[in-house]
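I'll drop the sequence and a predicted model, then ask my questions.
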Amino acid sequence: MRSRVVARMVRSLGLLPWLALGGIAVGGALWFGRPEAANRVWLLMLVATGSVVIVRTARRAWHGQWASDLIAALAIVGAAAMDQPLAGLIVVVMQTGGEALERYAEGRASDALRALEADRPQRAHVRREGHVIDVAARDVRVGDEVIVRPGELVPCDGIVSEGEASLDTSRLTGEPLPVHIEPGSTVMSGSITGDRGFAMRATAEADASQYARIVELVRTAQESRAPFQRLADRYAIWFTPVAIVLAVAAAVLSHDRVRALAVLVVATPCSLILAAPIAFIGGINRAARRQIIVRNGDALERLSRVSVGVFDKTGTLTIGKPKVSAVTPSSGFDRRELLRVAASAEQGSSHLLARTLVDAATAEGVALEPVREAVDAPGRGVTGRVGSRVVAVGSHSFVTELSSASIPLLEGLTAYVLVDGRFAGTVQYADALRPGVPAILHDLGSLGVRRRILLSGDHEGNVLATAARAGITEARGDLLPEDKVAAVRELVTSGASVMMVGDGTNDAPALVAATVGIALGGHGGGVTTEAADIVVLVDELARVADAIRISRRTMMIARQSVWVGLTLSGVAMVAAAFGYIPVITGALLQEVIDVAVILNALRASFAPQGAGALGAKTTAGDGSLAPA
């Protein structure tokens, strides 16, 4: 692993710093016997490497980017013009090396769009002139009859014309429960068919369907994000003109051009160039040791400023798998017996809730009976013979069709049970909160995330109930991906620094639209982790707070390093202006300042002394917060 990191670092540095270092070494070897030859080597290498820096700086200046490298370019030109090539080469080494470190800290760009495109439905089966033919999904036209086979992706939006089936819409809504469809039901592209196929009439072409809209949402969110200004360039806005004015004043007042060069050399803002990327690399590495992957230094800085936290529900605040929350028998039935017969009947169903009920009964030590003559109505319920009794378990509409008994309709996710046509009771389900969620959200509040919002594709009632259990006062449900994006963009436009935390494909556009997107990737990779700025590799929401702590300490160290470097450089600039520091001495002194800055910035790689492994809090076994 370490060798791969070193190899990546070497590739990131490129040739320029190595060429400049090589020129310094060769010239240094010649200096003791042939000083004139050494000077020629240094000058040749300065022209070769420095010209690249100058051209690049000039190009940026032409486009209005007056960055921190302007002083370095002026120092290189001055060193060549005043026959001080060694000082110029030292500037080249530090300038190009610092830029390379910054590129290394930036990391790789998100592959979210490529991942989304790869997962897009590719083929469709269309009935034309009485025959079913295969066509590319993009060739489906509005009005075409499309056949969707078991296990396939729905290629475009449409209305079911024939058949009943269950659809996995989790990639679009984030909700794990399958959706029952029948003739007249609306289906969205990107959904996955269960074990039964169906026919549908296309209502939109693939490029205008729901999945394509998700792709477009991610693309437009990436394009609309404001460009990030480097930390060094923000300080350079005022430091650069101050250094240039001081250099000109020194030359004019002393009538000595070399003093201007000495000021520029010692003012070369290598501390600006080096401090932030080295601190960022340290913070990124420290986060990685906590299994938090930070894409780049930009993400780390954005995270340090977040004031609003937006959360998905299923799989983010909740576990993502419904559990039995209550088994309530009606008059004449026993709870344990109700659980036994209902779970026995559910053995004949492939529905997620059926497996959940069977697991709950097994966990309580309830012995199940074999089910015979099982008939599964996908998405509605199941009937079967358990022993000598006929048992039906399913939705309210399903059981009322099988019995004339008065059956109360309950709120929330509920299965209703009939035994020999009599109403036997209900089984209620809930998607349990992750352990310690209220304490974790309170911890985020102490870190400055004062406003916390829940946005979900689940039903409004379920969302509000989850928000109440989590301690969140702002919540919205029944949202499509574009609705989440609109809500996040509204917050960002209002001036808030927004952190979006999610785990599903439907969250990807909102992750990109937010100031910083965080994906909980404990269940695997995919589009969401590619779209996010930060990926938590373990299934622990508390790591989000860890990431914020790391980002804030990293930024504190980066700014501290910059100010230390600028202060020392400022003192040296004044001394050089009065002629107390020669050019070569100034270049070497600047390197001493840079080393001090680097050593301070490296502190970002380590936890604060006496703070344990993290210097923060983590979840204890009971879900509470405890020191790491």
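Perfect, thanks for sending it. For clarity, every value in this text was computed on a predicted model and none was experimentally measured. Residues are numbered from 1 along each chain as shown.

Leaving out sequence neighbours, find the closest residue to the one residue sitting closest to the centre of the chain.
Nearest to the mean C-alpha position of the chain, by Cα atoms, centre = their mean, lies Ala532 at 2.1 Å. Ranked by Cβ to Cβ, 6 or more residues apart in numbering and with sequence neighbours excluded, the top spatial neighbour of Ala532 is Ala519, at 3.6 Å. Every residue, glycine included, has its C-beta placed from N, CA and C.

hey, C-alpha coordinates of the helix or strand containing the one you found in PDB?
Secondary structure assigned from DSSP states H and E places Ala519 in strand 516-520. These are the backbone C-alpha positions of strand 516-520, laid out as PDB (Å, rounded to 0.1, in the frame of the first residue of the first chain):
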ATOM      1  CA  VAL A 516     -20.800  18.700   0.400                       C
ATOM      2  CA  GLY A 517     -22.300  15.300  -0.200                       C
ATOM      3  CA  ILE A 518     -21.700  12.300   2.200                       C
ATOM      4  CA  ALA A 519     -22.600   8.800   1.200                       C
ATOM      5  CA  LEU A 520     -22.900   5.900   3.700                       C
END
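
Go ahead and name everything in contact with that strand.
299, 302-303, 306, 315-316, 497-503, 507, 510-511, 528-529, 531-536, 539, 541, 544, 547 (Cβ atoms under 8 Å, 6 or more residues apart in numbering).

and Trp238, how far is that from Gly570?
Between Trp238 and Gly570 the distance is 12 Å, computed by Cβ to Cβ, to the nearest Å.

between the two, who's got more neighbours?
Neighbour count, other Cβ atoms under 10 Å: between Trp238 and Gly570, Gly570 has more, with 16 against 10.

Is the more buried one located within a helix, as I assumed?
Yes. Counting by DSSP: H, G, I helix; E, B strand; the rest coil, Gly570 is found in a helix.

ok, it to Asp594 distance?
15 Å.

before we move on, what about Ala465?
With Cβ to Cβ as the criterion, Ala465 and Asp594 are 57 Å apart.

So for the two, which sits in the more crowded spot?
For the pair Ala465 and Asp594, the greater number of neighbours falls to Asp594 (23 against 18), based on other Cβ under 10 Å.

correct me, but the more buried one touches Met94?
Yes. The criterion here is Cβ atoms under 8 Å, and Asp594 meets it with Met94 at 6.2 Å.

what's the domain layout of the chain?
122-155+157-203, 323-430 (automatic domain parsing).

Between those, which one is closest to Gly471.
Comparing those by their distance to Gly471 (Cβ to Cβ), the top pick is domain 323-430, with 16.6 Å.

Show me the shaky parts of the stretch 501-628 of the chain.
Counting by pLDDT under 70, the stretch 501-628 of the chain has low-confidence residues at 504-505, 521-530, 609-628.

The same query, at a cut-off of 80, please.
For the stretch 501-628 of the chain, the stretches with pLDDT under 80 are 503-506, 521-532, 537-539, 586-588, 590-591, 593-599, 601-602, 605-628.

Show me where it has its helices.
Read by DSSP state H, counting those that start in this stretch, the stretch 501-628 of the chain holds these helices, from start to end of the chain: 508-513, 527-531, 542-577, 583-601.

next one: the stretch 51-200 of the chain
Counting by DSSP H, counting those that start in this stretch, the helices of the stretch 51-200 of the chain are 69-81, 85-106, 112-119, 170-173.

mean pLDDT for those helices: which is lowest?
Per-segment mean pLDDT for the helices of the stretch 51-200 of the chain reaches its minimum on helix 112-119, at a mean of 60.

what sits against Val336?
Careful, residue 336 is Arg and not Val. Counting by Cβ under 8 Å, 6+ apart, Arg336 touches 364, 366.

where's it relative to Pro329, distance?
Distance from Arg336 to Pro329, by Cβ to Cβ: 9 Å.

Over to Ala486?
Ala486 sits 45 Å away from Pro329, going by Cβ to Cβ.

do His131 as well
From His131 to Pro329 the distance is 54 Å (Cβ to Cβ).

cool, and Gln560?
Distance from Gln560 to Pro329, by Cβ to Cβ: 65 Å.
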